[in-house]
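Engineer: Got a sequence here, can you build the structure:
(one chain, ligands or ions: 1)
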Amino acid sequence: MSSLVIETDNLTKTFKGFTPVDSLSLNVKKGEIYGFLGPNGAGKTTTIRMLLGLIRPTKGEVRIFDKSLAHHRIEIAKKVGSLVESPSYYGHLTGYENLEITRKLLNADRQDIDRTLEIVRLTEWKHKKVKHYSLGMKQRLGIAQALLGSPELLILDEPTNGLDPAGIHEIRDLIVSLPERMDMTVLVSSHILREVELIADRVGIISRGKLLFEGELAKLQERSEVKLKVEVERPDEAARLLFHAGYRARKKEHALYVEADRSLAAEVNRHLVLAGHDVFHISEERKSLEDIFLELTKEADSV
Ligand SMILES: Nc1ncnc2c1ncn2[C@@H]1O[C@H](COP(=O)(O)OP(=O)(O)OP(=O)(O)O)[C@@H](O)[C@H]1O
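Structural biologist: Take a look at the predicted model:
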């Protein structure tokens with residue numbers, strides 16, 4: 001069997017001449033947490049709805065567990081748990097009762113309810129009515145619903161939307177624990193890089209329905225240029241000097257950013273010191289992932 005749990009080939013969705021998902025080829029590996037990243041309106045939910053068989057692709061194919069979703073929808077659905085947008089529940093019923101409804105639909109074991117309540121840390125609240133739950137607790141209940149029946153693949157669409165920092169932290173910890181605890185593959189979407197950065201093994205970044213990058217975030221950062229940040233007393237003058245020595249240098253705030261890596265740090269330093277500049281500090285700088293993400297998705301936006 002392939003090590004890919006989700007594989008899409010040129011997945012495309014068109015609504016009345018508008019194409020929110022455009023030739024998307026995603027690869028999600030078994031046992032990983034895959035961060036599906038993109039700004040609002042990038043096409044994440046539409047993609048997820050196709051992965052769950054809730055809407056039909058206009059073009060392309062979805063393969064899950066090495067099988068075509070179009071031909072094995074029911075068989076695949078039994079092994080996939082999901083939370084798309086906000087969870088649905090009955091406020092006048094308790095957490096336990098809500099899960100009992102889902103459990104019956106799935107024909108899952110009764111002890112599955114207590115086990116999932118434990119995982120999402122709602123055990124002590126299980127006999128309280130859901131209308132009294134906080135937003136974070138409702139979200140955790142939604143994840144518990146998705147976990148019933150021990151799915152092999154869990155798909156969560158923006159599970160931290162609307163939560164406060166503590167709630168975000170809790171959901172994040174919960175997601176991180178799942179692959180090992182439940183031998184599961186997780187795809188989690190978000191429009192916030194920082195949320196995914198801490199938990200995902202690999203990411204797929206989309207904007208305007210197109211895949212811009214897929215892989216480890218460290219690889220994305222490696223692709224960004226390195227600069228030397230040089231702190232000197234008179235940066236304007238130092239920039240001119242380095243320019244005449246053949247370097248591209250730009251002043252930003254009180255520092256100078258030179259297009260060079262650490263192998264040239266000593267040479268840059270020598271140029272400056274020999275010309276009478278006091279150099280206080282030289283360090284190698286890369287763009288933050290946040291900057292790279294914003295640039296990448298902005299570029300796609302302006303096409
Ligand atoms: N049924 C539909 N008919 C027409 N347009 C749609 C339909 N569903 C989604 N869209 C449009 O497709 C685009 C992508 O939406 P989608 O919800 O997939 O993005 P998203 O990345 O999940 O964004 P968000 O984070 O804001 O939910 C949006 O412009 C949306 O308005």
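Engineer: The ligand contacts on the stretch 1-150 of the chain?
Structural biologist: The stretch 1-150 of the chain comes close to the ligand at residues F15, F18, P20, G38, N40, G41, A42, G43, K44, T45, T46, as judged by Cβ under 6 Å from any ligand atom. The C-beta positions use only the backbone N, C-alpha and C, and glycine is treated the same way.
Engineer: for those residues, which one is nearest T94?
Structural biologist: The nearest member of those to T94, counting by Cβ to Cβ, is T45 at 29.3 Å.
Engineer: Name the nearest residue to the closest one, sequence neighbours excluded.
Structural biologist: Excluding the flanking residues, the one nearest T45 by Cβ to Cβ, 6 or more residues apart in numbering is D157, at 5.7 Å.
Engineer: Over to L211?
Structural biologist: Nearest residue to L211 in three dimensions, chain neighbours excluded: L24, at 5.4 Å (Cβ to Cβ, 6+ apart).
Engineer: Tell me how many other residues surround the closest residue to the ligand within the stretch 101-250 of the chain.
Structural biologist: The ligand sits closest to H191 of the stretch 101-250 of the chain, with a gap of 5.1 Å, by Cβ to the nearest ligand atom. Using other Cβ atoms under 10 Å, H191 has 16 neighbouring residues.
Engineer: hang on, it packs against A42?
Structural biologist: Yes. Under the criterion of Cβ atoms under 8 Å, H191 makes contact with A42 at 7.5 Å.
Engineer: Next, the buried residues of the helix or strand I101 falls within.
Structural biologist: Element membership for I101, per DSSP states H and E: helix 95-106. By neighbour count on 16 or more other Cβ atoms under 10 Å, the buried set for helix 95-106 is G95, Y96, E97, N98, L99, T102, R103, L106.
Engineer: just those residues: which has the poorest pLDDT?
Structural biologist: Least confident of those in the model: L106, at 88.
Engineer: ok, that residue touching G149?
Structural biologist: Yes. Using Cβ under 8 Å as the test, L106 is close enough to G149 to be in contact (4.4 Å).
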